[in-house]
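Q: generate coordinates for the sequence data below:
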Amino acid sequence: MESFRKTLFLFVLSTLPSEINAILQSPSSPLSCKRFTPIYAFGDSITDTGNQVRAFPAFAMASHPPYGHTYFGRPTGRYCDGRLMLDFLTTALNEDLLPPHLAHPAPDGSENFAVGGATALDAQRLSRITNVTAPASISLDLQISYFSNDTSCANLSDALVYFGMIGGNDYISTFLARRPASVVEKLINPVAATISTAFTDIISRGVKHIVVQGQFPIGCVFLLTLALRSSRTDTKGCVESANLISYEHNRRLKNAVADIARKHTDVNIVFFDTSAAFFYILENAKLFGFTNLHEPCYTGVLQLYAGVSVNASSGTEACSNPQNYISWDGIHFTEGMYHALMKLFLTDPRFVSPSSNFLSSCTHI
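A: Sure thing, here's the model as predicted:
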């Protein structure tokens, strides 16, 4: 466990506060670069730009205020007060925000297949391993099938594919069902294998540019810290057993990306260690403008989870300063946090693997 803690905070110990300011204040002038088009995305609610509210409108909290109020001024189907990591990436590439697949965008155009609640494994396999019901009926395999259908006649050599976080719902829903960590650990191999197979599938379609976002440290998700309050926590108040799942998940993905880079030398692929970046920001929170590191800005959605009690008045209004919060609703993060994370991904090689990020010279953020 001590080795695990040291790994998580390695970046913090090797960086001075002055370097953080350099990251935050780096020039934002556009650079000349080839255009990546179309852009496609996969994932869950961390990346969803409006599919869940169309597929499951009765259950989609993101269709109601205060979601979206910071940037869009209205709910857009994003589980955030504003923009997501994906939004900041497309903006940095001088491209439009990705429309959700279920909004039926133009043929051969950019689109987002991510769905809030999506799992890496299909519902039957998740249930077989954990005896837990999947939070949604859309898995990564189904998203890949939508992609294959929509791009059957497309030339994808200039396309960019963004694999947002996927697998988190497999792990979190199993923890919330009160299964022990030993059961959750059984998901790591099949989840990692499913994601790796998806990489192979899209490369076989001619995709040459891929971004892979790692898992957040799920043990730091406010919902889990409440549900697993009797579990051992680290010095940051995060559940250690849950974070070990994220750590191993990210190790497998990082290895899969390295394997693809070796086998497919014509493919640009990069892994973003989201957990390492998250802890880096947590350790240097004030320098990033964050003063509230754990409590959510909005608590209304947490009331829906059985067995999880939240000390809140009405739960219907968000805080007035989400820019100072890391957590938006106890499950997802604020626009400010997503912006800080994408900034690190595009400007700091310590959080990417391979360290040469093919997007860095093509973006301005």
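Q: helix, strand or coil for S355?
A: Under the three-state scheme (DSSP: H, G, I helix; E, B strand; the rest coil), S355 adopts coil.
Q: contact partners for it?
A: Contacts for S355 (Cβ atoms under 8 Å, 6 or more residues apart in numbering) come out as P349. Heads up, the C-betas are built off the backbone N, CA and C, glycines and all.
Q: likewise the one 3 residues further on?
A: Remark: with contacts taken as Cβ under 8 Å, 6+ apart, F358 is in contact with 209, 268, 270.
Q: pull the number of nearby residues for the last one.
A: Meaning V270. 21 (other Cβ atoms under 10 Å).
Q: show me what contacts it?
A: Contacts for V270 (Cβ under 8 Å, 6+ apart) come out as 210-212, 257, 352-354, 357-359.
Q: what are the phi and psi values at G167?
A: Main-chain dihedrals, G167, degrees, to the nearest 10: phi 110, psi -20.
Q: is it true that it touches A198?
A: No - the pair G167 / A198 is not scored as a contact, 11.1 Å apart, by Cβ atoms under 8 Å.
Q: overlap in contacts of these two?
A: With Cβ under 8 Å, 6+ apart, G167 and A198 have no common neighbours.
Q: those two: which is more packed in?
A: The residue with more neighbours, out of G167 and A198, is G167; 29 against 20, by other Cβ under 10 Å.
Q: got the CA coordinates for stretch 235-246 in PDB?
A: The C-alpha trace of stretch 235-246 is given here as PDB (Å, rounded to 0.1, in the frame of the first residue of the first chain):
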ATOM      1  CA  THR A 235      -4.700  10.900   4.000                       C
ATOM      2  CA  LYS A 236      -6.900  12.500   1.300                       C
ATOM      3  CA  GLY A 237     -10.100  10.900   2.500                       C
ATOM      4  CA  CYS A 238     -10.200   8.500  -0.500                       C
ATOM      5  CA  VAL A 239     -11.200   4.900  -0.200                       C
ATOM      6  CA  GLU A 240      -8.000   2.900  -0.600                       C
ATOM      7  CA  SER A 241      -9.600  -0.400  -1.900                       C
ATOM      8  CA  ALA A 242     -11.500   1.500  -4.600                       C
ATOM      9  CA  ASN A 243      -8.400   3.500  -5.700                       C
ATOM     10  CA  LEU A 244      -6.400   0.300  -6.100                       C
ATOM     11  CA  ILE A 245      -9.000  -0.800  -8.600                       C
ATOM     12  CA  SER A 246      -8.500   2.400 -10.600                       C
END
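Q: make 22 the starting number, not 1.
A: Happy to do that; since the first residue is 22 now, the last one works out to stretch 256-267.
Q: for that stretch, give the mean pLDDT please.
A: For stretch 256-267, mean pLDDT is 94.
Q: and that stretch, how far from the chain's centre?
A: Offset of stretch 256-267 from its chain centre (Cα atoms, centre = their mean, to the nearest Å): 17 Å.
Q: buried stuff in it?
A: 257, 259-267 (16 or more other Cβ atoms under 10 Å).
Q: where exactly do the helices run in this structure?
A: Along the chain, counting by DSSP state H, helices occupy 23-29, 31-34, 38-45, 73-76, 106-113, 144-151, 161-171, 189-197, 202-206, 209-225, 243-248, 261-284, 295-304, 356-368.
Q: so what's the gap between the fourth one and the chain middle?
A: I take that to be helix 73-76. Computed by Cα atoms, centre = their mean, the separation of helix 73-76 from the middle of its chain amounts to 18 Å.
Q: avg pLDDT for that helix?
A: 95.
Q: the fifth one now?
A: This predicted structure assigns helix 106-113 an average pLDDT of 97.
Q: same deal with the last one?
A: The average of the pLDDT scores along helix 356-368 is 97.
Q: without its sequence neighbours, what residue ends up closest to M82?
A: V322 (4.9 Å; Cβ to Cβ, 6 or more residues apart in numbering).
Q: so where is the protein shaky, pLDDT-wise?
A: Residues of the chain meeting the criterion pLDDT under 70: 22-53, 324-337.
Q: let's go with 80 and repeat that
A: Residues of the chain meeting the criterion pLDDT under 80: 22-55, 322-337, 376, 385-386.
Q: work out which residue lies at the spatial centre of it.
A: In the chain, the C-alpha nearest the mean C-alpha coordinate belongs to M186, at 3.7 Å (Cα atoms, centre = their mean).
Q: residues in contact with that residue?
A: Counting by Cβ under 8 Å, 6+ apart, M186 has contacts 64-65, 67-68, 234-237, 295.
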